[in-house]
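# following is a predicted model, sequence given first.
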Amino acid sequence: MKTVLVIFTDGFEEIEAIAPIDLLRRAGARVTLASCTDSLEVTGKCAVVMKVDTALDDCLANDYDLLVLPGGPGTFDMRKDERVLELVRSRHVAGLPQAAICAAPLILLDAGILEDKIYTAHFTCADELPEIREDLAVVEDEEIITSRGAGTAVAFGLRLVALLFGEEKANEIAASIHA
């Protein structure tokens, strides 16, 4: 079974987290939701409260096939979290896939793994990420998958399904949700 870790903090963008989680679970992935706060309940940008599975510290030693970082204003707190940055760095060194949407590619920047990569992000990140591919909804460059924001969350999720389960499965799920 394919495994996915999604990291949450208060201020996450709900659509960017929930759409990929839903699509990955439809495909058959075991998705673990982890909080980098002191609570197993995190509050999104639009006040949706999400109950996660575990604290980030409790799953750092586990191996996952994919790491997903939702965006939103909470990204700015995650950028300061050395546990998250170290996880991103270690996965990069190991060549393991990781995905970030909206402002979350800034975490990849802070971890030092975007050099010589093609990526996209929310247009408000352009000051720090001047090479954003604004013409693409989702960008995959080797083990890094990025997406622009809430409006591209379904395309992002389907790309993650394709990464883990193949294009046929992604197309099957896309058809089932009329994407």
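Nice, I can see it.
# alpha carbons only for contacts and neighbour counts from here, please
OK.
# so L23 touches A155, yeah?
No: using CA atoms under 8 Å, L23 is not in contact with A155, being 10.0 Å away.
# of those two, which one has the most company?
L23 (23 against 19; other CA atoms under 10 Å).
# where does that one sit, in terms of helix or strand?
Assigned by DSSP states H and E, L23 belongs to helix 14-27.
# what's the following helix or strand after that helix?
Remark: after helix 14-27, the chain's next helix or strand is strand 30-35, criterion DSSP H and E.
# what angle separates that following strand from helix 14-27?
Going by axes from the mean of the first three to the mean of the last three CA atoms, to 10 degrees, strand 30-35 is angled at 150 degrees with respect to helix 14-27.
# contact partners of strand 30-35?
With CA atoms under 8 Å, 6 or more residues apart in numbering as the test, strand 30-35 has contacts from 1-9, 21, 24-25, 40-42, 52-56, 59.
# looking at those residues, which are in helices?
Among the contacts of strand 30-35, the residues falling in helices (DSSP state H) are I21, L24, R25.
# now, of those residues, which are buried?
If you count burial by 16 or more other CA atoms under 10 Å, the buried members of these come out as I21, L24.
# from the ones in helices among the contacts of strand 30-35, pick the one nearest L164.
Lowest distance from L164 to the ones in helices among the contacts of strand 30-35 (CA to CA) belongs to L24, with 8.8 Å.
# what about the closest one, distance to M50?
Remark: distance between L24 and M50 (CA to CA, to the nearest Å) = 17 Å.
# what of T120?
Applying CA to CA to T120 and M50 gives a distance of 26 Å.
# with T152 instead?
Taking CA to CA, one finds T152 at 21 Å from M50.
# what do you get for V88?
Relative to M50, V88 is positioned 23 Å away (CA to CA).
# same deal with Y64?
When Y64 is compared with M50 (using CA to CA), they lie 21 Å apart.
# E86 now?
Applying CA to CA, the value for E86 to M50 is 25 Å.
# also C59?
18 Å.
# neighbour-wise, which of the two wins?
M50 (19 against 15).
# assign that one to helix, strand or coil.
Look at M50: counting by DSSP: H, G, I helix; E, B strand; the rest coil, its state is strand.
# then E115?
Note that with three-state DSSP, the state of E115 is coil.
# for this protein, what spans make up the strands?
All strands of the chain, identified by DSSP state E, fall at 3-8, 30-35, 41-43, 49-51, 54-55, 66-69, 98-101, 138-141, 144-147.
# run through the residues that contact E115.
Here E115 is in contact with L109 (criterion: CA under 8 Å, 6+ apart).
# and the gap between it and L85?
Counting by CA to CA, the gap from E115 to L85 is 15 Å.
# ditto for T43
Taking CA to CA as the measure, T43 falls 22 Å from L85.
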